[in-house]
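Peer 1: fold the following for me, if possible:
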Amino acid sequence: MPASLRARAANQDLGNIKIVEVLSRECSAFLLSLKNEWFACKVRYSPFGDGTLMISDATKGIVGGMSGSPILSEHGDAIGVVCLGTVGPVHLLTGAGPNPRLMGDLPGWFLQALQSPQ
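Peer 2: The predicted structure follows:
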């Protein structure tokens, strides 16, 4: 399994009960700076809890005003939205979260509209 994909599934049968353990997945991604420049980061997704995205290793930092900016996968697909609130003095953050995941947080009617032929 590639190092950029940190996922593992282990299945164990206990009679009629099947236990599935899934760990988080991490991949390279891109954020849009306030200067309208893309820069690298890592994004971690865990299916447990609310399934949001956690940003880490943001090379140019995450600053106030970036909320609403897209999070792109390493392939250029929009996968989430930066959602960061700061209190007090602005500090250069290299990680933040939780951030909404498009496939998990968009309303169902919108996803259906995207799939409908125009």
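Peer 1: what bridges to Ala40?
Peer 2: Counting by DSSP bridges, Ala40 is bridged to Phe30.
Peer 1: for the protein, what spans make up the helices?
Peer 2: Along the chain, counting by DSSP state H, helices occupy 102-105, 108-115.
Peer 1: now the weakest link among the ones you listed, please, by mean pLDDT.
Peer 2: If you rank those by mean pLDDT, helix 108-115 sits at the bottom with a mean of 74.
Peer 1: so which elements touch that one?
Peer 2: Contacts defined by 3 or more Cβ pairs under 8 Å, 6 or more residues apart in numbering; DSSP states H and E place helix 108-115 against no helix or strand at all. In this view, the C-beta of every residue, glycine as well, is placed from N, C-alpha and C.
Peer 1: may I have it exported as CSV, CA atoms only?
Peer 2: Written as CSV, here are the backbone C-alpha positions of helix 108-115 (Å, rounded to 0.1, in the frame of the first residue of the first chain):
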residue,chain,number,x,y,z
GLY,A,108,-28.7,15.4,-0.8
TRP,A,109,-30.8,17.4,-3.3
PHE,A,110,-27.6,19.2,-4.5
LEU,A,111,-25.8,15.9,-5.1
GLN,A,112,-28.8,14.6,-7.1
ALA,A,113,-28.9,17.8,-9.1
LEU,A,114,-25.2,17.3,-10.0
GLN,A,115,-25.8,13.8,-11.3
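Peer 1: what comes up buried for that helix?
Peer 2: Within helix 108-115, no residue is scored as buried using 16 or more other Cβ atoms under 10 Å.
Peer 1: take the helices of the chain and write them to JSON lines, including distance to Asp57.
Peer 2: Shown next, in JSON lines, are these (distance: least, Cβ to Cβ, whole Å):
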{"stretch": "helix 102-105", "distance to Asp57": "21"}
{"stretch": "helix 108-115", "distance to Asp57": "30"}
